[in-house]
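**Q** Provided below are the primary sequence and the corresponding predicted coordinates.
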Amino acid sequence: MPALKTPAIVIRTYPLRDSHRIITFYTPELGKVKVVAYGVKSPKSKLSGSLELLNHGMLLFNYRENRDLQNLTGFDLIEGFDGIRSDFTRITYGCYFAELVDAITIEGDANPEIFNLLIYTYQFLSEIDDVPLLARVFEIKFLELAGFSPQLTHCANCSAQVNAFLPQKLKSNHSGSPVIVFSVGHGGVLCIECHHRDTNAFSIAPGSCELLKTLRSADLPKVQRIRASTRNHRELKLLLSSFIQYHTERNIKSLKFIESVLET
Ligand SMILES: [Zn+2]
């Protein structure tokens with residue numbers, strides 16, 4: 001039973017009987033790791049304070065192959081992201097990012113870039129002015145790293161370059177301005193020839209599509225200088241949450257919470 005040590009972030013935690021907890025970590029080299037922390041709810045436990053959701057630390061556990069749950073032996077806190085915890089909006093979004101990683105990644109599938117994205121996003125979350133915009137940045141970058149990035153430049157059906165056009169039959173577009181048509185089912189934008197292939201496709205402003213391309217490649221500190229309109233926010237939220245729901249096939253509870261509490 002080898003003892004393993006790895007940097008890790010707590011992405012989920014829930015009780016197991018009276019005094020134990022099951023904790024899911026995300027790690028750079030082992031992907032998602034699920035452990036049991038025995039006796040952690042006892043007042044005598046040295047670990048109880050350090051295993052808070054979103055904490056970044058050095059995880060120690062005994063690894064057993066073919067076991068769903070590993071046995072936690074230690075967790076040394078590196079960073080607790082206190083700047084997020086004192087703000088209800090920021091901690092709520094922080095929990096959403098953790099839930100998203102938990103929903104889309106699988107155990108044992110290493111992806112150091114996802115680990116780094118999560119750390120950088122939490123560091124940046126305490127200082128960004130436009131928190132929902134940072135959420136869109138996290139979503140598009142995370143989807144790309146997880147292998148689900150939407151196609152934004154070429155038609156997801158025929159691969160032709162996509163330009164904005166005026167769809168005659170799309171009821172959602174009343175403005176009379178050229179739009180970009182996006183299909184969740186096809187995994188990206190559709191050209192003028194193919195847009196009728198998905199009756200559930202929706203239209204977004206060309207500017208929203210351009211903004212999404214910018215967010216996908218932007219360094220996080222640059223996001224502080226990007227200004228998004230109300231329409232950009234609404235369309236990118238719809239596009240990315242529809243896309244995420246399609247790929248996870250489950251409701252992300254913290255996103256529903258954000259919609260019902262923070263966006264009303
Ligand atoms: Zn096409």
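**A** Now that the structure is in, tell me what you want to look at.

**Q** And the helices in the protein?
**A** Per DSSP state H, the chain carries helices over the ranges 82-85, 88-104, 112-125, 131-145, 206-217, 220-223, 230-248, 253-257.

**Q** Out of those, indicate the one that is most buried.
**A** Stretch with highest mean neighbour count among the helices of the chain: helix 131-145 (a mean of 21; mean count of other C-beta atoms under 10 Å). Quick note: C-beta positions are derived from backbone N, CA and C, even for glycine.

**Q** Of all the helices of the chain, which one is nearest Asn200?
**A** Distance to Asn200, taken as C-beta to C-beta, is lowest for helix 230-248 among the helices of the chain, at 9.0 Å.

**Q** helices or strands next to the closest one in the packing?
**A** Where contact means 3 or more C-beta pairs under 8 Å, 6 or more residues apart in numbering; DSSP states H and E, helix 230-248 is packed against helix 88-104, helix 131-145, strand 202-204, helix 206-217.

**Q** and the stretch 51-200 of the chain, which of its residues are near the ion?
**A** Residues of the stretch 51-200 of the chain lying near the ion by C-beta under 5 Å from the ion: 155, 157-158, 160, 191, 194.

**Q** from the residues you listed, which would you call buried?
**A** Buried positions within those, assessed by neighbour count (16 or more other C-beta atoms under 10 Å), are 155, 157, 191, 194.

**Q** Near the closest residue to the ion within the stretch 1-150 of the chain, how many other residues are there?
**A** Distance from the ion to each residue of the stretch 1-150 of the chain (C-beta to the ion) is smallest for Pro150, at 14.7 Å. When neighbours are counted by other C-beta atoms under 10 Å, Pro150 registers 21.

**Q** Enumerate every residue touching the nearest residue to it once chain neighbours are set aside.
**A** With C-beta to C-beta, 6 or more residues apart in numbering as the criterion, Pro150 has its nearest non-adjacent residue at 4.6 Å, and that residue is Gly188. Residues counted as contacts of Gly188 (C-beta atoms under 8 Å, 6 or more residues apart in numbering) are 150-152, 154-156, 182.

**Q** so Gly188 bridges to which residues?
**A** Beta bridges link Gly188 to Gln151, Ser183 when assigned by DSSP bridges.

**Q** what does Ile22 give?
**A** Tyr14, Val36.

**Q** Assess the claim that it and Val40 are in contact.
**A** No - using C-beta atoms under 8 Å, Ile22 makes no contact with Val40, being 10.0 Å away.

**Q** and the two? which has more neighbours close in?
**A** With neighbours defined as other C-beta under 10 Å, Ile22 and Val40 compare such that Val40 has more, 22 against 16.

**Q** and the more buried one, how far is that from Arg64?
**A** Separation of Val40 from Arg64 (C-beta to C-beta, to the nearest Å): 19 Å.

**Q** Ok, Thr73 next?
**A** Taking C-beta to C-beta, one finds Thr73 at 12 Å from Arg64.

**Q** okay, those two: which has more neighbours?
**A** A side-by-side neighbour count of Thr73 and Arg64, using other C-beta under 10 Å, places Thr73 first with 16 against 12.

**Q** Contact partners for the closest residue to that one other than its chain neighbours?
**A** Counting by C-beta to C-beta, 6+ apart, Thr73 lies nearest to Leu60, which is 4.7 Å off, once chain neighbours are set aside. Going by C-beta under 8 Å, 6+ apart, Leu60 touches 3-5, 72-76.

**Q** ok, now how distant is Ser57 from Asp109?
**A** No Ser there; residue 57 is Gly. With distances taken as C-beta to C-beta, Gly57 is found 21 Å from Asp109.

**Q** Which one's more surrounded, these two?
**A** Gly57 (19 against 11).

**Q** In the stretch 101-250 of the chain, where is pLDDT below threshold?
**A** 168-175 (pLDDT under 70).

**Q** which one among the contacts of Leu60 gets closest to Glu210?
**A** Closest to Glu210 out of the contacts of Leu60 is Phe75 (42.8 Å), distances taken as C-beta to C-beta.
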